[in-house]
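# Just to be clear, the model below is a prediction. Sequence and coordinates:
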Amino acid sequence: MDEDQDQRTLPGGRGGRRLGGRGARHVARAAGPVNPAPPGQRGGRYAPLTDADLWAIYRTAKRLLADLGMGEVPARLRGDLLAAGAEARGDRVLIPEALIEAAVDGAAKRFPLYGRDPARDIEVGGDRVHFGTGGAAVQVLDMDSARYRAATLQDLRDFTRLQDALENVSWFTRCCIATDVPGVRELDLNTAFALLAHTTKPVATAFTVADSVAPVVAMMDMALGREGAFAARPFIKAHISPVISPMRYGEDAVEVVYACIDHNIPMSCITAAQSGATAPAPLAGFLAQSLAETLASLVMVHVIRPGHPMVFSNWPLVIDLRTGAFSGGGGEVALLNAASAQLSNWLGLPSGVAASMTDAKAIDAQYGMEKGMTALAAGLAGGNLVYESAGMTAALLGASFEGFVLDNEMLGAVYRVLRGVEVSDDTLGFDAIREAVLGEGHFLGSAQTHAAMERDYVYPRMADRTDPRTWEAAGAEDAWTRARAEARRILNDHRPEYLSTAQVCAIRQAFPEVL
């Protein structure tokens, strides 16, 4: 197209003046490029398991539930399971294959995760990949001292504001525990309020006890302006671990499940078995047991309310068998979570896995290697929701503001990989190649190159692409230093008011525990 024909009315132009060609491009670039690979790209290209492997693991998982069953089943759930066709054998409850398959068939296959801002809603399921956060770090990597200290409520507020400005983080789960907030109810209410006040993305939290669910829902209704508004469009998801490996239920978490279903809160039911400790060390046996345990969560939800939105969150975790320490990075973590995503997607269930859980304490080469490798594997395997993917350090014991900034850029690169290569007559560009070869001998400045610049390429803001002399002249900064400056800039500039003063006062009057 001739550049004089490329005309449009630009918002904010004087008198709606029509600009075309070079002028239009200058204005568009000043506003910032459109993200050529936004969240929600398609995954599934990496398949570490064959069809025969998938069937073998699934059959073993079903056999574990049918022959061994689940232990420590709370009385309320025990009654619901038996009424649905499970069998009591001593102190265990056996779950037959028919009930497992009914739960899989009846599960919600796709559902929205609402943001308080509808423009930030995402859909879970299918082959779309979204990276978000998670974790319950009790320490924060301090930006001033570069040392770890106890996490506070103010840190949680700041992390929430920071990620609100990061385009490649699709949803936010509280990433740290406010260790300065005493009491279970106080912690649950203050955590929920921080999420409510400082972001409009989909969010997730954990409820320490079931009694915290109703007051948090009441708080959300107050923010939305009417009773029942939250249940109609729930923008908080609950992270719950109702199964304790190996193969038993956790009573308190099961009660939280009942409470969340009563209030129409979608859930991630998380299995977090650890290889060689609470699950087998051989990877195949590990996958079979962890799949069985996550299926036990799905069956639980099915017998309470069939089709209630549940993310099938099978998170294989690894320990270093030499020391017994939890390991968040490494090839086994990448492989197991990719295999878990493949298994869940093969069953047609919305998949949740964990990645980017580096063991590194500093923002260093180990940090980048472990995060990039595990996040890319999870994305390529098609994990619908990839948790822990921003900001976490020290095998989930720590969280880092600089890490959030760097991980946001890393995730943008992963989305670009997932987008893949679009092949068409236009992108193959035979005529453009011929013109360059027979003409100026390069592609710089060509119309094809201009079109591809913003359509096909993601440009990093934190990664340094200058030559060594330019880098040295600019201060020879490393990535940690650049990310620290960017995190501070965002925290200084990004102070959105998502609740009015009147709403804050009303919530604090109703819930004096909110600090």
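Alright, I've got the coordinates.
# Report how many residues lie close to N384.
If you count neighbours by other CB atoms under 10 Å, N384 ends up with 27. Where C-beta positions appear, they are placed from N, C-alpha and C, glycine not excepted.
# So it is in contact with G132, correct?
No: assessed by CB atoms under 8 Å, N384 is found out of contact with G132, at 10.6 Å.
# For the stretch 251-400 of the chain, which segments are assigned as strands?
For the stretch 251-400 of the chain, the strands defined by DSSP state E, counting those that start in this stretch cover 267-271, 310-314, 318-320, 325-327, 351-354, 385-387, 392-393, 398-400.
# Could you dump those into a markdown table with mean neighbour count, mean pLDDT and distance to F172 added?
Listed next are those as a markdown table, based on neighbours: other CB atoms under 10 Å; pLDDT from 0 to 100; distance: least, CB to CB, whole Å:
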| stretch | mean neighbour count | mean pLDDT | distance to F172 |
| --- | --- | --- | --- |
| strand 267-271 | 25 | 97 | 13 |
| strand 310-314 | 30 | 97 | 15 |
| strand 318-320 | 21 | 93 | 25 |
| strand 325-327 | 16 | 91 | 23 |
| strand 351-354 | 30 | 97 | 15 |
| strand 385-387 | 31 | 98 | 11 |
| strand 392-393 | 29 | 97 | 13 |
| strand 398-400 | 29 | 98 | 12 |
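# mind giving me a markdown table with these and columns for distance to R128?
Compiled in a markdown table, the strands of the stretch 251-400 of the chain are given as follows (distance: least, CB to CB, whole Å):
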| stretch | distance to R128 |
| --- | --- |
| strand 267-271 | 16 |
| strand 310-314 | 13 |
| strand 318-320 | 27 |
| strand 325-327 | 29 |
| strand 351-354 | 11 |
| strand 385-387 | 10 |
| strand 392-393 | 23 |
| strand 398-400 | 26 |
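# S340: neighbouring residues, count only.
30.
# who touches it in this structure?
L287, S290, L291, N314, W315, P316, S351, V353, G383 (CB atoms under 8 Å, 6 or more residues apart in numbering).
# what do you get if the cut-off is 10 Å, keeping everything else the same?
48-49, 271, 286-287, 290-291, 294, 312-316, 351-354, 378, 381, 383 (CB atoms under 10 Å, 6 or more residues apart in numbering).
# cool, and G412?
With the criterion set at CB under 10 Å, 6+ apart, G412 makes contact with 35-39, 131, 166-168, 458-461.
# what about burial for the residues you listed, which qualify?
P36, A37, P39, F131, L166, N168, V458 (16 or more other CB atoms under 10 Å).
# ok, the residue nearest to the spatial centre of the chain to F230 distance?
The structure's the chain has its C-alpha centroid closest to G132; by CA atoms, centre = their mean the separation is 2.3 Å. From G132 across to F230, the span is 20 Å (CB to CB, to the nearest Å).
# Also R59?
For R59, the distance to F230 equals 41 Å [CB to CB].
# just T60 next, same as before
Counting by CB to CB, the gap from T60 to F230 is 40 Å.
# before we move on, the earlier item: and the two most separated of the contacts of G412?
Distance extremes for the contacts of G412: the farthest pair is F131 and Y459 at 19.0 Å, using CB to CB.
# picking that back up, R59 and F230: who's more crowded?
F230 (24 against 12).
# quick one, phi/psi of the closest residue to the more buried one other than its chain neighbours?
The shortest distance from F230 to any non-neighbouring residue, by CB to CB, 6 or more residues apart in numbering, is to M220 (3.9 Å). Phi and psi for M220, reported as degrees, to the nearest 10, are phi -60, psi -40.
# Buried residues, stretch 158-169. List them.
D158, F159, T160, R161, L162, Q163, D164, A165, L166, N168, V169.
# er, stretch 232-252 actually
So, applying 16+ other CB under 10 Å, buried residues of stretch 232-252: 234-250.
# from the residues you listed, which ones fall inside strands?
I236, K237, A238, H239, I240, V243, I244, R248, Y249 (DSSP state E).
# Reformat the residues you listed as TSV; add distance to A204 and pLDDT.
As requested, these are exported to TSV (distance: CB to CB, whole Å; pLDDT from 0 to 100):
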residue	distance to A204	pLDDT
I236	7	97
K237	4	97
A238	7	97
H239	5	97
I240	10	97
V243	18	98
I244	20	97
R248	24	98
Y249	21	98
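# and the end-to-end length of stretch 72-90?
11 Å (CA to CA, to the nearest Å).
# Low-confidence stretches in the protein?
The model of the chain has pLDDT under 70 over residues 1-33.
# In it, which residue sits furthest out from the middle?
When distances are taken from the C-alpha mean of the chain, L438 lies farthest, 49.0 Å away, according to CA atoms, centre = their mean.
# Let me know whether E454 touches A37 as I believe.
No: between E454 and A37 there is no contact under CB atoms under 10 Å: 11.4 Å.
# where along the stretch 51-200 of the chain do the helices fall?
Here the stretch 51-200 of the chain has its helices, by DSSP state H, counting those that start in this stretch, at 51-63, 75-83, 97-106, 153-164, 184-198.
# out of the ones you listed, which comes closest to Y258?
helix 75-83 (7.0 Å).
# What helices and strands are in contact with the closest one?
Other helices and strands packing on helix 75-83, by 3 or more CB pairs under 10 Å, 6 or more residues apart in numbering; DSSP states H and E, are strand 70-71, strand 87-89, strand 92-94, strand 248-249, helix 251-262, helix 283-304.
# who's in contact with that helix?
Contacts for helix 75-83 (CB under 10 Å, 6+ apart): 69-70, 72-74, 86-88, 91, 93-95, 99, 242, 249, 251, 254-255, 257-258, 296, 299-300, 302-304.
# Quick one, which of those residues are buried?
Looks like the contacts of helix 75-83 have 69-70, 72-74, 86, 93-95, 99, 242, 249, 254-255, 257-258, 296, 299-300, 302-304 buried, using 16+ other CB under 10 Å.
# Having no further points to raise, I will conclude here.
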